[in-house]
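>>> this is a predicted model, with the sequence first.
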Amino acid sequence: MQQIHWPAILKFDQDDELMYLANHQDWLSFICANQYTVCVQDTLIDSSGDIYLIAKPQPEHTSIDTSVAQLPHLVKQPQPINVLQMLPLVRQYGQFQGHCCSAKIVFTTIEQGIATVAELEQLY
């Protein structure tokens, strides 16, 4: 698996919802429960700004030797996200959560943006 810098957030495609993931265990819990519902355009953004797509494993013929399910894995994208690209995502999420002053949400680092998502999850 790629070297993910935790904490991270999941950005769901076609949705303003974000999900805070504190560590690798949170990722495993999420993907085990949602492996069939994640979309290939959903992305994970780690605290260093790296973006990962969620790649589903290719179906294989089932046999006794290959009966263990394979979880989706993360594929690092060449272009990271910057603070100016992340700011509208967090503001939209704040509005989605019902935060009345989401336009006033500001941060200067990706880590602060991820921490803001965690705080918004706890508030609402």
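That came in fine, so what should we check first?
>>> averaged pLDDT, stretch 8-15. What do you get?
For stretch 8-15, mean pLDDT is 94.
>>> as CSV, could you dump the C-alpha coordinates of it?
C-alpha atoms of stretch 8-15 as CSV (Å, rounded to 0.1, in the frame of the first residue of the first chain):
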residue,chain,number,x,y,z
ALA,A,8,-6.9,12.0,5.7
ILE,A,9,-10.4,12.7,4.3
LEU,A,10,-12.5,10.9,1.7
LYS,A,11,-14.1,13.1,-1.0
PHE,A,12,-17.1,11.4,-2.5
ASP,A,13,-17.8,12.0,-6.2
GLN,A,14,-20.8,14.1,-7.0
ASP,A,15,-21.4,14.9,-3.3
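>>> how far does it sit from the chain's center?
From the chain centre to the centre of stretch 8-15 is a distance of 5 Å (Cα atoms, centre = their mean, to the nearest Å).
>>> what's the answer for stretch 81-91, then?
On Cα atoms, centre = their mean, the centre of stretch 81-91 falls 13 Å from that of its chain.
>>> quick check, pLDDT for residue 96.
pLDDT, read off for residue 96, is 92.
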